[in-house]
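1. have a look at this prediction, sequence included:
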Amino acid sequence: MRARKSDPVTSHEAGASVKNLSETKKGILGILKNRPMSDGELWNEYYWLARKGKLPYASESGVRSRRAELVASGFVESVGFDTTKFGRRTLVWGLKRG
């Protein structure tokens, strides 16, 4: 991942550390760079990009697993809650700040 010249040094450091991540994980980070979202929203966006040939195909559970690995690696964190279309509470994920 590349940071803009105007981004803080921490963004450049984070971008440099992404070198060894899979294309799926890089895709997830790219999606979450736009805005925080739930796993369901993340899957919908990922699937849409994969259908357009912009990301490698991954199953819904695979995307959730890769997101969980990004949480464990310190790239992604829970940033709040939202409600699913079924009225259930769900976590919202975003890029780790700081």
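-> Nice, thanks for sending it over.

2. strands of the protein, residue ranges please.
-> With strands called from DSSP state E, the chain shows them at 37-38, 76-83, 89-95.

3. between these, which gets nearest to residue 52?
-> strand 37-38 (18.1 Å; CB to CB). Heads up, the C-betas are built off the backbone N, CA and C, glycines and all.

4. give me the helices and strands touching the closest one, please.
-> Applying 3 or more CB pairs under 8 Å, 6 or more residues apart in numbering; DSSP states H and E, one finds that strand 37-38 makes contact with strand 89-95.

5. tell me the mean pLDDT over the strand it packs on?
-> In this model, strand 89-95 has a mean pLDDT of 98.

6. next, the angle strand 76-83 makes with that strand.
-> Inter-element angle recorded for strand 89-95 and strand 76-83: 150 degrees (by axes from the mean of the first three to the mean of the last three CA atoms, to 10 degrees).

7. what residues of strand 89-95 count as buried?
-> 92, 93, 95 (16 or more other CB atoms under 10 Å).

8. my read is that the second one contacts residue 71, right?
-> Yes - at 7.4 Å, residue 93 counts as touching residue 71 under the criterion of CB atoms under 8 Å.

9. can you pull the contacts of the closest residue in space to residue 38 that isn't next to it in sequence?
-> Nearest non-adjacent residue to residue 38, counting by CB to CB, 6 or more residues apart in numbering: residue 90, 4.5 Å away. Residue 90 makes contacts with 38, 39, 40, 81, 82, 83, 84, as judged by CB atoms under 8 Å, 6 or more residues apart in numbering.
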